[in-house]
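S.K.: Sharing a model prediction with you, sequence too.
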Amino acid sequence: MQIPLQITVRDLPHSEALEAKIREKAAKLEGFHSRITSCRVTVEEMRKHHQQGRHFQVKVDLRVPGREVVASLAHDEDVYVALRDAFDAATRQLEEVARVQRGEIKAHDEGERGGAS
């Protein structure tokens, strides 16, 4: 990555284990696309008064030349499950971007997809 990994944790105590897991998952992303220029990960505990328990939101924001990949997922009770799911979604999107950029699949403009005129 050209820009170092940025990790933001909101409304949650700092955890070395959580930060280490984020760094591990971010490093694996480079195996799916070698030209990632930046990666920002935001982890936050959502506060909802009508809901008991804990609710976590994880957002992974990646940039590659010409594209931005954003994956955001929430999970009740387990921040590590939310983290896993968000990185899995980012990985799928990154693989798709890499296939398009390699020319393995044709990229379509949004106006060309489906629907009759």
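M.R.: Structure received.
S.K.: buried residues in the host helix or strand of residue 27?
M.R.: Using DSSP states H and E, the element containing residue 27 is helix 16-29. Buried residues in helix 16-29, counted by 16 or more other C-beta atoms under 10 Å: 18, 21, 22, 25, 26, 29. C-betas here are computed from N, CA, C, even on glycine.
S.K.: Quick one: residues in contact with the helix or strand where residue 59 lies.
M.R.: Under the criterion of DSSP H and E, residue 59 resides in strand 55-64. The set of residues external to strand 55-64 that reach it, using C-beta atoms under 8 Å, 6 or more residues apart in numbering, is 12, 29, 33, 35-46, 48, 68-79, 82-83, 85-87, 89-90, 94, 97, 101.
S.K.: Report the buried members of those residues.
M.R.: Taking 16+ other C-beta under 10 Å as the criterion, what is buried in the contacts of strand 55-64 is 29, 33, 36, 39-44, 69, 71, 73, 75, 79, 82-83, 85-87, 89-90, 94, 97, 101.
S.K.: coming back round to it: pull up the pairing partners for the strand holding residue 59, direction included.
M.R.: Strand 55-64 has the following strand partners under DSSP bridges: strand 38-46 (antiparallel), strand 67-76 (antiparallel).
S.K.: Beta-bridge partners for the residue nearest the centre of the chain, please?
M.R.: Central residue of the chain (C-alpha atoms, centre = their mean): residue 60, 2.7 Å from the mean position. Residue 60 forms beta bridges with residue 41, residue 71, as assigned by DSSP bridges.
S.K.: How far does the longest helix anywhere in the chain sit from its chain's centre?
M.R.: Longest helix of the chain, by residue count under DSSP state H: helix 79-102. Relative to the mean C-alpha coordinate of its chain, helix 79-102 is positioned 6 Å out (C-alpha atoms, centre = their mean, to the nearest Å).
S.K.: next one: stretch 29-37
M.R.: 13 Å.
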